[in-house]
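# heads up, no residue letters with this:
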Ligand code: GLU
């Protein structure tokens, strides 16, 4: 039996020889609370190895590797695009605090680059920390600042933008940016469900796929995240059609009422072999002129109707000075009959009311049942096949452009940033 251990620290590249099966593993030491040694292999996978009966040799110290990576990232590479990474926080910028077991956003952009050095091979990278927050703390004024930063980076010559973001409200931010920034280059939001120091982390693969998309010819605001529970492909979702549909699975993000724009087939061993497949039409690089339209009416509300819900809920929003309301109704777009007088009053008072569905899939069609027809009679705007949160963000944006009710209606029904499916997003079936 032998037990030979050279001292090592997190980030060192080590070689481990196991006496038991004479296997040899080489990789970078990851922080862990377990008694096993966790190393990240060159394939991108993390493995845990029992330290007993192992010969461990440090091949390169963490310090040396860090210096090498930094130098490589800073070196300007000819013939590759310039990307700006705007970091806002979330799990992709987080690590586990082994004292408390909690995950908190504590990585700077340099740390992200340090953790995912492949990014520096794909492009010339410039980083900026815009926020270090968990995305449940996002708000409309933060979207505005982010939109302004994106605009400035593109104006200053960035060939693509990556926004690292917490996954919880990434869909809202993606929708907000879709309306606020008309972009001639890719604007890619990316996050991760598991922090980069966890063995099953999705951070590296998502970020590498995002960087590839940010270098592509697509010029839209998109979300790029794992497409399956394996490490095989990422999906490219349009920013206005995407929702987090699972609390923890790596493929939590799915396009709703539309197909994803495309797929990025991942190859952990060779980033040169990563390839795209596009399944939908998209705006191409330089097709659009850069424009910032960041006027927003923050005081809009989203109300979920439930059986027996008191219409006083809607009245409360109106008395609190809300300027626009999105309802998440049932089925084709309903609330109970006793809500109709309150909806009618709100619209009469100049507050637009937009209907969406808690079904998520399918279009709003208020022409079928009595309650729907009464709502239409009251002046309700049908939210087509928009996600409730996209309709909310769009209403905020529309009310930033106009407060004239008929113009609000026209803009809410117009497809501005891919939020209404061009192939049948509006109610047709029952006409
Ligand atoms: N709740 C946090 C956020 O959305 C962490 C979740 C995540 O990033 O996956 O920022």
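That came through fine. Owing to the predicted nature of the structure, the values given are computational and were not obtained by experimental measurement.

# Tell me, how many residues neighbour residue 163?
Look at residue 163: counted by other CB atoms under 10 Å, it has 26 neighbours. No exception for glycine: its C-beta is placed from N, CA and C like everyone else's.

# so where does it fall, helix or strand?
Element membership of residue 163, judged by DSSP states H and E, is strand 160-164.

# Pull out the buried residues from the helix of greatest length in the chain.
In the chain, with assignment by DSSP state H, the single longest helix is helix 140-155. Under the neighbour-count criterion of 16 or more other CB atoms under 10 Å, helix 140-155 has 140, 142-144, 146-147, 149-151, 153-154 buried.

# in this structure, which segments are predicted with low confidence?
Across the chain, the ranges flagged by pLDDT under 70 are 1-6, 44, 69-70, 72-74, 94-109, 197, 429-431.

# quick check: longest strand of it.
Determined from DSSP state E, the single longest strand within the chain is strand 124-133.

# Run me through the strand neighbours of that strand, direction for each.
The pairing partners recorded for strand 124-133 under DSSP bridges are strand 82-89 (parallel).

# so how far is the strand it pairs with off the chain centroid?
Centroid separation between strand 82-89 and its chain, computed with CA atoms, centre = their mean, to the nearest Å, is 13 Å.

# thinking again about what came up before, what are the buried residues along the longest strand of the chain?
Neighbour-count burial for strand 124-133 [16+ other CB under 10 Å]: 124-127, 129-133.

# Contact residues of the stretch 51-200 of the chain facing the ligand?
90-91, 134-136, 166-168, 191, 193 (CB under 6 Å from any ligand atom).

# And these, which two are furthest apart?
The most widely separated members of these, counting by CB to CB, are 136 and 193 (14.8 Å).

# Between those two, point out the one with more neighbours.
Neighbours per residue (other CB under 10 Å) separate residue 136 from residue 193, with residue 193 holding more: 25 against 9.

# one step back: strands paired with the strand holding residue 163, and their directions?
In the sheet, strand 160-164 lines up against strand 82-89 (parallel), strand 187-190 (parallel) (DSSP bridges).

# ok, residues contacting that strand?
Contacting residues not belonging to strand 160-164 are listed as 81, 83-90, 92-93, 112, 123, 146, 150, 153-154, 173, 177, 183, 185-191, 207, 210-211, 213-216 [CB atoms under 8 Å, 6 or more residues apart in numbering].

# still on that earlier bit, can I get the strands paired with strand 160-164 in CSV including mean neighbour count and distance to residue 397?
Converted to CSV, the strands paired with strand 160-164 look like this (neighbours: other CB atoms under 10 Å; distance: least, CB to CB, whole Å):
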stretch, mean neighbour count, distance to residue 397
strand 82-89, 24, 19
strand 187-190, 28, 16
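
# Dump the ones you listed to JSON lines, plus distance to residue 31.
Formatted as JSON lines, these follow (distance: least, CB to CB, whole Å):
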{"stretch": "strand 82-89", "distance to residue 31": "19"}
{"stretch": "strand 187-190", "distance to residue 31": "22"}
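
# Nearest to residue 257, out of those?
Closest approach to residue 257 among these (CB to CB): strand 187-190, 19.0 Å.

# how distant is that closest one from the center of its chain?
7 Å.

# repeat for stretch 349-363
Put simply, stretch 349-363 sits 23 Å off its chain's centre (CA atoms, centre = their mean).

# Residue 423: neighbouring residues, count only.
Per other CB under 10 Å, the neighbour tally for residue 423 reads 7.

# Please identify the helix or strand for it.
Applying DSSP H and E, one finds residue 423 in no helix or strand.

# ok, now which ones touch it?
Going by CB under 8 Å, 6+ apart, residue 423 touches no other residue.

# That one and residue 383, how far apart?
As defined by CB to CB, to the nearest Å, residue 423 lies at a distance of 17 Å from residue 383.

# Ok, residue 122 next?
In terms of CB to CB, residue 122 sits 38 Å off from residue 383.
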